[in-house]
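S.K.: give me the fold of what follows.
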Amino acid sequence: DHIAGCAECRTYYQMDRLLSKHLHIAPIRQQPTSKQQQAIIEKSDRQSGHRLPRGVLDLAGAAVMVIMILIAWVSLRDASLITEIEPTPRPTVGVYAPARGQLVTVNVPAPSLADSPLLNPDEQTITLYLPPSYDISEKHYPVVYFLPKGEGALLFLETFLNSGIRDGELAEMILVSINEPMGIKDSVMYFVNSPATGNLSDFILEDVISYVDANYRTLPEAASRAIAGHYTGGFSALNIAWKDQDTFGVLYTIQPTVFESEDDLARSIFTNPVVRSRVLLVMEQLGSMSPEEARAEFRQNRWGLASYTVGYGLAFAPTPDASPPFFNYLYLDPDTRAPQGVWDRWMNGIGNLEDKVAAAQENLERLEAIGIGAYDSRGSGFNSTAVKHLSEVMTAAGIPYTWHESDDVSEGLQKILPFMDEHLVFE
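M.R.: Below is the predicted model:
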């Protein structure tokens, strides 16, 4: 009953079912212990009434083996009886390739974040999926840079990719997951350039891609490089593609968090009375701290429901001097709205889609393929209506794209990799 009524639990249940379907686990047969073997022999002796001596059995077995060898030698003497054996076709991922790819987490230098007052400017972590044949071949692979909503989406795609490669339905590719930035614990982050969080968009375009191309066997061309994202990562992927000219050839965004109108902002979690009180308390605490104390507080993050709103404010409404509390909020107190200019900044973060698409039209038209996915996300704070509005804006601008609509998140995530398989250029 709980799963039926809870959208989040229902989603994880559906993902668990799909993971179980795609994971092929061979049953393990236990060998009998020495005591069990002796008991079987004794029972066999009792049922048969007697048992031949061990030496007799060994002699009989040796005689049978000699006879079989003689028969085989006589049959093979005549060369005309030997037929040519066709070589077994080589599997797609290589004869000795493991059945699964591997996940590798590495630290990447992050000079683009050098001016961030909150994030670790020295390095950030990323997780790579390397395909099954990576360690046993010299092949080069296309790369999909993925901005997930939490770790679950990456694990789901890993399983789906392993299954698709094994069954010959997907070609091998490298998947790079951009992890949540180190320095801000458990906040939902947007990968955009901001004085508060640093240049997170540049971190992907300059730091991550150059590191991956330098350290792994990639195909370092736009036609073999894609960016994709889910939820907040879906918007971040869109935002990067809007502003980038020649890094990627394929874009896929699934359920990006976007606003259709100002009504969406007014009804969003950002204005919820409970969240509002919590955010104002967080801002009061941060405002009373020194920059060093505030940074330490961000590393611990005990804000609960306020975390997403804080992350959004850091991305799209930072304070000009990037000092505590680091962002401006929609309310000055629980009953007093902030000036309209602050509301405009919060609206413009993931809204005003017509202006954003118009400004990015030339960059979007350079892409080989664009995919937009939507699913029913009731209870998550955003729904597919605004995503459909995004598709309508793209249509009105004459920008070609592929539209996918799914019943839930797991079905939606399954659309990403086949889309990449179809449109990326492979070796």
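
S.K.: quick check: residue 362 vs residue 209, distance?
M.R.: Distance, residue 362 to residue 209, using C-beta to C-beta, to the nearest Å: 21 Å. Where C-beta positions appear, they are placed from N, C-alpha and C, glycine not excepted.

S.K.: neighbour-wise, which of the two wins?
M.R.: It is residue 209, of residue 362 and residue 209, that has more neighbours when counted by other C-beta atoms under 10 Å, with 21 against 8.

S.K.: now do the contacts for the more buried one.
M.R.: The neighbours of residue 209, taking C-beta atoms under 8 Å, 6 or more residues apart in numbering as the test, are 145, 225, 247.

S.K.: what about 10 Å?
M.R.: By C-beta atoms under 10 Å, 6 or more residues apart in numbering, the contact set of residue 209 is 108, 143, 145, 176, 203, 218, 220, 225, 227, 247-248.

S.K.: and of those residues, the nearest to residue 334?
M.R.: Nearest to residue 334, judged by C-beta to C-beta, of the contacts of residue 209 is residue 203 at 35.8 Å.

S.K.: can you pull the contacts of the closest one?
M.R.: Contacts of residue 203 (C-beta under 10 Å, 6+ apart): 108-113, 116, 119, 124, 178, 181, 191, 193, 197, 209.

S.K.: show me which positions of stretch 282-300 end up buried.
M.R.: 282-283, 286, 294-295, 297-298 (16 or more other C-beta atoms under 10 Å).

S.K.: can you give me the distance of the closest residue to residue 99 other than its chain neighbours to residue 425?
M.R.: Once flanking residues are discounted, residue 99 sits nearest to residue 166: 6.0 Å by C-beta to C-beta, 6 or more residues apart in numbering. Remark: distance between residue 166 and residue 425 (C-beta to C-beta) = 23 Å.

S.K.: the more surrounded of the two?
M.R.: Using other C-beta under 10 Å as the criterion, residue 166 and residue 425 rank with residue 166 on top: 18 against 14.

S.K.: check the more buried one and give its pLDDT.
M.R.: pLDDT for residue 166: 94.

S.K.: hang on, isn't it packed against residue 133?
M.R.: No: contact criterion C-beta atoms under 10 Å: residue 166 and residue 133 do not qualify, at 11.7 Å.

S.K.: where does pLDDT dip in the stretch 151-300 of the chain?
M.R.: Scanning the stretch 151-300 of the chain for pLDDT under 70 picks out the ranges 151, 183, 185-187.

S.K.: same question, the stretch 1-150 of the chain
M.R.: Applying pLDDT under 70 to the stretch 1-150 of the chain flags the ranges 1-98, 150.

S.K.: which parts of this structure are strands?
M.R.: 102-109, 123-130, 143-147, 174-178, 193-194, 198-199, 225-230, 250-254, 331-333, 336-337, 369-375, 402-406 (DSSP state E).

S.K.: got the CA coordinates for stretch 131-139 in PDB?
M.R.: The C-alpha atoms that make up stretch 131-139 are tabulated as PDB, following Å, rounded to 0.1, in the frame of the first residue of the first chain:
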ATOM      1  CA  PRO A 131      33.500  -1.100 -21.200                       C
ATOM      2  CA  PRO A 132      34.300  -4.800 -20.900                       C
ATOM      3  CA  SER A 133      37.000  -4.800 -23.600                       C
ATOM      4  CA  TYR A 134      38.900  -1.700 -22.300                       C
ATOM      5  CA  ASP A 135      41.700  -3.600 -20.500                       C
ATOM      6  CA  ILE A 136      42.300  -6.200 -23.300                       C
ATOM      7  CA  SER A 137      42.200  -4.100 -26.400                       C
ATOM      8  CA  GLU A 138      43.700  -0.900 -27.900                       C
ATOM      9  CA  LYS A 139      40.300   0.400 -29.000                       C
END
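
S.K.: how many residues are close by residue 222?
M.R.: Using other C-beta under 10 Å, residue 222 has 18 neighbouring residues.

S.K.: related to what we said a few turns ago, export the buried residues of stretch 282-300 as a markdown table, with columns for distance to residue 313.
M.R.: Shown next, in a markdown table, are those (distance: C-beta to C-beta, whole Å):
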| residue | distance to residue 313 |
| --- | --- |
| 282 | 10 |
| 283 | 9 |
| 286 | 11 |
| 294 | 14 |
| 295 | 16 |
| 297 | 15 |
| 298 | 13 |
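
S.K.: please identify which pair of those lies farthest apart.
M.R.: Greatest spatial distance in these: 283 and 295, 15.5 Å, computed using C-beta to C-beta.

S.K.: and which of the contacts of residue 203 is nearest to residue 253?
M.R.: Checking these against residue 253 with C-beta to C-beta, the nearest one is residue 191 at 12.7 Å.

S.K.: how long is stretch 288-304 end to end?
M.R.: End-to-end distance of stretch 288-304 (C-alpha to C-alpha, to the nearest Å): 20 Å.

S.K.: quick check: the gap between residue 422 and residue 171.
M.R.: Applying C-beta to C-beta, the value for residue 422 to residue 171 is 10 Å.

S.K.: and these two? which has more neighbours close in?
M.R.: Between residue 422 and residue 171, counting by other C-beta under 10 Å, residue 171 is the more crowded of the two (19 against 12).

S.K.: OK, contacts around that one?
M.R.: 92-93, 131, 141-142, 164-165, 417, 420-422, 424, 426-427.

S.K.: where's it relative to residue 164, distance?
M.R.: 9 Å.

S.K.: which residues are in contact with both of those two?
M.R.: What both residue 171 and residue 164 touch, as defined by C-beta under 10 Å, 6+ apart, is the set 417, 421.

S.K.: could I get the full set of helices for the stretch 151-300 of the chain?
M.R.: 151-166, 200-202, 209-215, 232-243, 262-267, 273-287, 291-300 (DSSP state H, counting those that start in this stretch).

S.K.: show me the one of the ones you listed that comes nearest residue 254.
M.R.: Using C-beta to C-beta, the nearest of the helices of the stretch 151-300 of the chain to residue 254 is helix 232-243, at 5.4 Å.

S.K.: and that closest one with strand 225-230, angle?
M.R.: Between helix 232-243 and strand 225-230, the angle comes out at 140 degrees (axes from the mean of the first three to the mean of the last three C-alpha atoms, to 10 degrees).

S.K.: circling back: turn the helices of the stretch 151-300 of the chain into JSON lines, columns for distance to residue 100.
M.R.: Putting the helices of the stretch 151-300 of the chain into JSON lines (distance: least, C-beta to C-beta, whole Å) gives the following:
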{"stretch": "helix 151-166", "distance to residue 100": "5"}
{"stretch": "helix 200-202", "distance to residue 100": "31"}
{"stretch": "helix 209-215", "distance to residue 100": "21"}
{"stretch": "helix 232-243", "distance to residue 100": "24"}
{"stretch": "helix 262-267", "distance to residue 100": "41"}
{"stretch": "helix 273-287", "distance to residue 100": "41"}
{"stretch": "helix 291-300", "distance to residue 100": "34"}
